[in-house]
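*Asks:* Output the structure for:
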Amino acid sequence: PEDSLSPELAQTKQSRQRQRGFSTSLNRIRREICLSDDEKAGATKTFFTKVKEELEFIPAQLNVIEIWQEKAVFESSTGEHIIAAKRSTHPLGKCVATTSLLAYVITSKYADGLPLYRLDGMLTRLGHEIGRNNMANWIIRLDDVFKPLINLMREQQNLGRYIQADETRIQVLK
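*Replies:* Below you'll find the predicted structure:
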């Protein structure tokens, strides 16, 4: 009976079937359950078979990155002078947030529609209160950093023959 289905109906039936296994792009960790030496005693060989796959979630975490800068003191006839190792430049200068935290705040706010007060609560539960005022200031200061990229994207967008947009609204409060 399934052979008599039209290709369109067969396709919809296949799409309704449950997907087995997980994406190959996910990181895989192998955990082996081993027999004890007593259980293996006398066996001619042993082998492993995969019996199950589970999807693990590792929640976000906050880490403090301590940046230690090495400095060297040189003495010369004119006195001492110090040379310090070069630090990588930060997009916001003297900011306590790493670039990964800034990216997380921006993604949460603009891609996921998460208000800053809610994000502040989530980060507080992870161990450190940042404050939504601080996050708002980071976002405002990043405007100057992203302005050249935004302008370049707008130029590329305007080179096309037409522009489409998704104007679906994100409900914030009822």
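*Asks:* List the buried residues of the top helix by length along the chain.
*Replies:* For the chain, the longest helix by residue count, based on DSSP state H, is helix 132-158. By neighbour count with 16 or more other Cβ atoms under 10 Å, helix 132-158 contains the buried residues 132, 134-135, 138-139, 142. For glycine as for every other residue, the C-beta is placed from the backbone atoms N, C-alpha and C.
*Asks:* helices or strands next to that helix in the packing?
*Replies:* Helix 132-158 sits against helix 99-106, helix 116-125, with contacts defined as 3 or more Cβ pairs under 8 Å, 6 or more residues apart in numbering; DSSP states H and E.
*Asks:* So what angle separates the directions of that helix and helix 116-125?
*Replies:* Here the directions of helix 132-158 and helix 116-125 differ by 120 degrees (axes from the mean of the first three to the mean of the last three Cα atoms, to 10 degrees).
*Asks:* Give the rounded mean pLDDT of helix 132-158.
*Replies:* Across helix 132-158, the average pLDDT comes to 95.
*Asks:* what's the answer for stretch 26-41, then?
*Replies:* For stretch 26-41, the per-residue pLDDT averages 90.
*Asks:* Name the residues that touch that stretch?
*Replies:* 46, 48, 55-56 (Cβ atoms under 8 Å, 6 or more residues apart in numbering).
*Asks:* And it, end to end?
*Replies:* Start-to-end span of stretch 26-41 (Cα to Cα, to the nearest Å) is 37 Å.
*Asks:* what's near enough to touch Lys71?
*Replies:* By Cβ under 8 Å, 6+ apart, the contact list for Lys71 reads 82-85.
*Asks:* and it, bridged to which residues?
*Replies:* Taking DSSP bridges, one obtains Ala84 as the residues bridged to Lys71.
*Asks:* and it, what pLDDT?
*Replies:* Listed pLDDT for Lys71 reads 91.
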